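A.B. asks: only geometry, no sequence info:
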């Protein structure tokens, strides 16, 4: 199922996330994507905690990112997270990060897989999650 849900959250680059040049260390973008993903899910109406309480985990099975410009210390970053597709047990996300000047800093994608907390094997997404996503379904 193709989906068009989007959510934006602001994160600030902390001093400890930068290198000696004041550039945000590239590995921190994965954390920014996670913040975006968690807050997007929460705004959709389903928190990670709720899924875990229901015995469902969502590990990342794929991660990719393209960097265009560096984020700098103390920059406020707009992390826009889109849920683009629910494909069997896989949930696909896309992320775009812009700085305060509106410059596109990076674009990334992740794939998460719904798995049973007990067996760690893929499962179908919970019905209540599918119902939330269906509101943003498109062809």
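C.D. replies: Received it, and whenever you're ready, just let me know what you need. Owing to the predicted nature of the structure, the values given are computational and were not obtained by experimental measurement.
A.B. asks: neighbours of the closest residue to residue 117 other than its chain neighbours, just the number please.
C.D. replies: Take residue 117 and drop its neighbours on the chain: the residue closest to it by CB to CB, 6 or more residues apart in numbering is residue 55, 4.5 Å away. All C-beta spots, glycine's among them, are computed from the backbone N, C-alpha and C. Residues near residue 55, counting by other CB atoms under 10 Å, number 13.
A.B. asks: confidence score at residue 55?
C.D. replies: Residue 55 carries a pLDDT score of 96 in this model.
A.B. asks: Who are the contact partners of it?
C.D. replies: Going by CB atoms under 8 Å, 6 or more residues apart in numbering, residue 55 touches 116, 117, 118.
A.B. asks: Return the subset of those lying in strands.
C.D. replies: residue 116 (DSSP state E).
A.B. asks: Out of the contacts of residue 55, the closest to residue 47 would be?
C.D. replies: residue 117 (15.1 Å; CB to CB).
A.B. asks: Report whether the expected contact of that closest one with residue 53 is present.
C.D. replies: No - applying CB atoms under 8 Å as the test, residue 117 and residue 53 come out as separate, 9.4 Å apart.
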